[in-house]
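Engineer: Next comes the sequence, and after it the predicted model I'd like to discuss.
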Amino acid sequence: MKAICWQGKKDLRCEEVPDPIIEDPKDAIIRVTSTCICGSDLHLMNGFVPGMCLGDVLGHEPMGEVVEVGPEAAARGLKVGDRVIIPFQMTCGECEQCLKQNFSACQTTNRNAALAKKMFGDTTAGLFGYSALTGSYAGGQAEYLRVPYAATTAVKIPQVGEDERYIFLTDILPTGWQAAVQADIQPEDTVAVWGCGPVGLFAIHSAKVLGAKRVIAIDDVPERLALAASVGAEILDRSKVNVLKALKDMTDGHGPEKAIDAVGIEAHGPNAVLELVERVQTAFKLQTERPVALREAIMAVKACGTVSIPGVYGGMANAFPVGALMQKGITIRTGQTHVRRWTDDLIRRIDEGEIDSTFVLTHVEPLERGPEMYRKFRDKEDGCIKVILKP
Ligand SMILES: NC(=O)c1ccc[n+]([C@@H]2O[C@H](COP(=O)([O-])OP(=O)(O)OC[C@H]3O[C@@H](n4cnc5c(N)ncnc54)[C@H](O)[C@@H]3O)[C@@H](O)[C@H]2O)c1
Ligand SMILES: [Zn+2]
Ligand SMILES: [Zn+2]
């Protein structure tokens with residue numbers, strides 16, 4: 001089958017690889033009908049995540065049709081012909097964390113748990129197409145995907161309706177939603193959101209649905225800011241203003257009550273000189289992150305506010321404003337999204353028309369064009385905001 005493979009930093013290729021097979025009674029195989037490129041994939045492409053191996057199949061936002069089911073998955077109700085979305089993480093449904101719906105912390109599914117424990121102090125769930133740290137599982141930017149723990153991982157969706165309506169439930173919609181829920185939004189709150197990529201845009205949409213009085217969106221890409229405005233945000237172009245000063249000016253001088261960092265590890269700015277300093281530091285491994293947006297969010301937020309961090313971080317950051325965090329009594333909420341915790345509720349909200357699940361989509365392309373579309377998405381060419389690939 002064809003799949004998008006990682007062949008080194010900034011080197012992705014659409015290659016011929018062996019078809020997946022059932023390896024465990026809990027497995028299922030799906031024929032992928034649609035699969036997306038995520039901002040998290042850019043961190044792999046750009047070499048920010050350790051533990052990638054040459055030939056690794058990428059992709060963690062697939063959906064499709066079940067074509068083969070292992071006996072245990074079948075016994076739990078998964079059938080050939082089911083239409084499913086595959087959340088980016090695998091969930092066993094039985095461990096302590098799964099029972100608490102902390103699915104991204106599933107204690108069973110990461111077969112390289114020892115590695116994750118060494119790096120982070122505890123394991124995370126197994127993830128599709130996301131390095132040795134999360135289990136070395138093949139990803140879903142491919143014609144077929146092996147889904148371990150299939151009965152508790154796959155989410156069945158209705159047989160009718162375009163893929164586009166449901167596919168973003170695999171990751172970015174629940175991620176934006178969880179980011180807004182974790183910001184604990186109150187009716188009087190102003191919520192500032194750094195980053196208007198797909199995750200930031202869904203966080204903005206969610207913050208509005210959850211009743212935030214004002215949402216302020218921060219980025220420097222005009223079409224992304226325009227889309228943020230279309231779902232009700234006031235916008236701040238960070239290339240034209242000092243973000244920190246502008247946010248204080250737009251609020252009561254104290255800052256927004258809630259802040260969401262939907263940028264993560266590869267943030268730009270705040271100006272050319274400091275960006276160069278951070279790039280040199282990450283190049284020489286003096287730090288592994290460029291936490292520009294997170295620093296700004298912590299400084300901007302009002303005392304006793306909440307900073308919610310859906311943006312991905314992987315290692316160690318310098319110049320982290322721990323003093324502001326402590327002195328202002330900031331609450332930090334973060335984590336990989338517990339996708340299945342939110343899917344039933346979000347499917348209902350999509351079907352009732354409360355949530356527009358497709359507004360971030362700009363490009364639908366054949367799988368073979370994957371490597372080129374990664375570059376377009378990264379470089380924001382051609383108005384690219386979210387790409388679906390069709391195997
Ligand atoms: N927590 C999770 O489970 C989860 C799931 C999916 C994605 N993510 C992460 O969310 C983040 C966003 O993902 P995405 O798909 O929207 O990516 P993206 O790369 O499309 O979006 C990032 C946006 O941030 C903007 N940006 C860069 N520097 C900035 C700064 N200093 N201030 C404000 N904006 C800035 C960029 O212009 C871009 O529009 C990534 O780190 C991704 O890995 C996390
Ligand atoms: Zn993703
Ligand atoms: Zn589990």
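Structural biologist: On my side now, so go ahead. Numbers count the residues shown, from 1 in each chain. Ligands and ions are numbered 1, 2, ... in the order given.

Engineer: mind listing the helices for the stretch 1-150 of the chain?
Structural biologist: For the stretch 1-150 of the chain, the helices defined by DSSP state H, counting those that start in this stretch cover 39-45, 71-75, 96-99, 113-120, 150-153.

Engineer: what's next to the one helix or strand in the chain whose mean pLDDT sits lowest, contact-wise?
Structural biologist: The weakest-scoring helix or strand in the chain, judged by mean pLDDT, DSSP states H and E, is helix 272-283 (a mean of 81). Contacting residues not belonging to helix 272-283 are listed as 48, 268, 269, 286, 287, 288, 289, 290, 292, 318 [C-beta atoms under 8 Å, 6 or more residues apart in numbering]. C-beta here means a position set from N, CA and C on the backbone, and glycine is covered the same way.

Engineer: roughly how far apart are the closest residue to ligand 2 within the chain and ligand 3?
Structural biologist: Taking C-beta to the ion as the measure, the point where the chain comes nearest ligand 2 is residue 38, at 2.8 Å. Distance, residue 38 to ligand 3, by C-beta to the ion, to the nearest Å: 22 Å.

Engineer: mind checking the backbone torsions on that residue?
Structural biologist: With angles defined as degrees, to the nearest 10, residue 38 sits at phi -120, psi 160.

Engineer: ok now do it, which residues does it touch?
Structural biologist: When contacts are counted by C-beta under 8 Å, 6+ apart, residue 38 touches 60, 61, 88, 171, 172, 198.

Engineer: Equivalent analysis for residue 110, please.
Structural biologist: Counted by C-beta under 8 Å, 6+ apart, residue 110 has contacts 116, 123, 124, 125, 126, 127, 134, 135.

Engineer: ok, and the most crowded of the residues you listed?
Structural biologist: Neighbour counts for these, by other C-beta atoms under 10 Å, peak at residue 125, which reaches 31 neighbours.

Engineer: isn't it right up against residue 93?
Structural biologist: No - counting by C-beta atoms under 8 Å, residue 125 stays clear of residue 93, with 11.5 Å between them.

Engineer: Up against ligand 1, what does the stretch 1-150 of the chain have?
Structural biologist: 38, 39, 40, 42, 43 (C-beta under 6 Å from any ligand atom).

Engineer: In terms of distance to ligand 3, which of these ranks first?
Structural biologist: Nearest to ligand 3 among those, with distances taken as C-beta to the ion, is residue 40, at 20.9 Å.

Engineer: okay, now the closest one: neighbour count?
Structural biologist: Using other C-beta under 10 Å as the criterion, residue 40 is surrounded by 25 other residues.

Engineer: Also the one 5 residues further on?
Structural biologist: A count of nearby residues for residue 45, using other C-beta under 10 Å, gives 23.

Engineer: follow-up on the earlier one: got the contacts of helix 272-283 as TSV, with secondary structure and distance to residue 161 columns?
Structural biologist: Converted to TSV, these look like this (DSSP: H, G, I helix; E, B strand; the rest coil; distance: C-beta to C-beta, whole Å):
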residue	secondary structure	distance to residue 161
48	coil	35
268	coil	37
269	coil	40
286	coil	49
287	coil	45
288	coil	41
289	coil	39
290	strand	39
292	helix	39
318	coil	47
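
Engineer: so, in contact with ligand 1 or not, the helix or strand hosting residue 202?
Structural biologist: Secondary structure assignment for residue 202, by DSSP states H and E: helix 198-209. Yes - Helix 198-209 is in contact with ligand 1 by C-beta under 6 Å from any ligand atom, via 198, 199, 200.

Engineer: Whether that helix contacts ligand 2 - can you check?
Structural biologist: No - judged by C-beta under 5 Å from the ion, helix 198-209 and ligand 2 are separated, with a smallest distance of 8.0 Å.

Engineer: so residue 31 touches residue 68, yeah?
Structural biologist: No - counting by C-beta under 8 Å, residue 31 stays clear of residue 68, with 9.3 Å between them.

Engineer: who has more neighbours, those two?
Structural biologist: Applying other C-beta under 10 Å to residue 31 and residue 68 shows that residue 68 carries more neighbours, namely 18 against 14.

Engineer: What residues does the closest residue in space to the more buried one that isn't next to it in sequence make contact with?
Structural biologist: Of all residues beyond its chain neighbours, the one nearest residue 68 is residue 29 (4.1 Å), with distances taken as C-beta to C-beta, 6 or more residues apart in numbering. Taking C-beta under 8 Å, 6+ apart, we find residue 29 in contact with 20, 21, 22, 66, 67, 68, 69, 144, 145, 146, 147.

Engineer: got it, and residue 267?
Structural biologist: Neighbouring residues of residue 267 by C-beta under 8 Å, 6+ apart: 194, 195, 290, 291, 292, 293, 294, 311.
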